[in-house]
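S.K.: Curious how this folds, go ahead:
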Amino acid sequence: MSATSILATHKKLSTKTSDMANPQLQQKAPPTQRFGTVLEDSSIGLDSGTREKVCTFLNPILADTMSLRDLYKKSHWQVEGPTFYQLHLLFDEHFKKQSKLIDLIAERIQTLGGLAVSMAADVADMTRITKPPSGREEVPVIISRLLEAHQAILMDARSKAKEASSLGDLGTNDLLVADVVRTNEFQSWFLSSHLVNMPLVDA
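M.R.: Below you'll find the model as predicted:
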C-alpha cells in the first residue's frame, strides 16, 4: 500500500471516529409502543388479552404506590414534635421499602409486555390517593393520612391478586400477595402503633 493510500485511509478513519464521537442531538421519532398496550408476542405463556387486563389494573396500583412513597418523603421532611427522631427515621425506612415495591410492580408490567406509568404528571392523573396539603400537618394527621393510603392499596391489591389468579397469572398474584400486601400490612402495623394513647410513666 502506498504512502498516499495509507494517509487517505487514516484520514477516513479519523473522520469516521470524529463523527462517531459527536452526539446526535434533538432526535425525534414516534413512540415504539403506545401506553396502555401490550406486545403481541410473549415468551411467558400468557396470551395478550390476559396480559393487557393485568397491566390495566397493575398501573393504578403502581401509581398509588408512587404516591404513597412520596407521601412518606413529605412526612419524613415535615414531621415535628417529641417523636420527631423516631418518626423521621421510620418514614424514611418505609419510603425505601415502597421504592423497592415500585420497581417490582413496574418490572412486572414490563415483563407482561406493557408499559409502566412513570412520569409525575401521569401518576398524578392515575392515582387514587388523596393529595395532601402542601403545608405541615400534626403527627396524628400525618399518620392517619398514611394509614388511609395503605388501606386503599391493600384493598385493591387483595382484590386484584384474586383476579390475577383467576386469569392464570400466578406471577402477578405472587407479587401482589407476597410483596405489596405483606409490605403494606407490616407498615400499617408500625404506623397504627403510634396512634395508641398509652401512658408513658404511670400505668
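S.K.: which ones are touching residue 34?
M.R.: Applying CB atoms under 8 Å, 6 or more residues apart in numbering to residue 34 gives no contacts. Placement of C-beta: from N, CA and C, glycine included.
S.K.: can you tell me how far it sits from residue 114?
M.R.: Separation of residue 34 from residue 114 (CB to CB, to the nearest Å): 11 Å.
S.K.: now do residue 191
M.R.: 31 Å.
S.K.: higher neighbour count, the two?
M.R.: residue 114 (23 against 20; other CB atoms under 10 Å).
S.K.: tell me which element the closest residue to the more buried one other than its chain neighbours is part of?
M.R.: With CB to CB, 6 or more residues apart in numbering as the measure, residue 55 is the residue that lies nearest to residue 114, at 3.3 Å, once sequence neighbours are left out. When elements are assigned from DSSP states H and E, residue 55 belongs to helix 48-78.
S.K.: elements contacting that helix?
M.R.: Packing contacts for helix 48-78, counted by 3 or more CB pairs under 8 Å, 6 or more residues apart in numbering; DSSP states H and E, involve helix 84-111, helix 120-126, helix 139-166.
S.K.: Adding mean neighbour count, distance to residue 133 and mean pLDDT, write those helices out as CSV.
M.R.: Shown next, in CSV, are those (neighbours: other CB atoms under 10 Å; distance: least, CB to CB, whole Å; pLDDT from 0 to 100):
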stretch, mean neighbour count, distance to residue 133, mean pLDDT
helix 84-111, 17, 17, 98
helix 120-126, 13, 15, 97
helix 139-166, 18, 10, 98
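S.K.: Geometric centre of this structure: which residue is closest?
M.R.: Closest to where the C-alpha atoms of the chain average out (CA atoms, centre = their mean) is residue 102, at 2.6 Å.
S.K.: For it, which residues are in contact?
M.R.: The contact partners of residue 102, taken as CB under 8 Å, 6+ apart, are 62, 65, 66, 69.
S.K.: The second one touches residue 98, doesn't it?
M.R.: Yes - the pair residue 65 and residue 98 qualifies as a contact (CB atoms under 8 Å) at a distance of 6.0 Å.
S.K.: What's the local residue count around the residue nearest to residue 140 when sequence neighbours are not counted?
M.R.: With CB to CB, 6+ apart as the criterion, residue 140 has its nearest non-adjacent residue at 6.3 Å, and that residue is residue 195. Per other CB under 10 Å, the neighbour tally for residue 195 reads 11.
S.K.: helix or strand for residue 30, which one?
M.R.: Secondary structure (DSSP H and E) places residue 30 outside all helices and strands.
S.K.: Just the pLDDT at the closest residue to residue 59 other than its chain neighbours, thanks.
M.R.: Closest residue to residue 59 apart from its sequence neighbours, by CB to CB, 6+ apart: residue 117 at 4.9 Å. Predicted confidence (pLDDT) for residue 117: 98.
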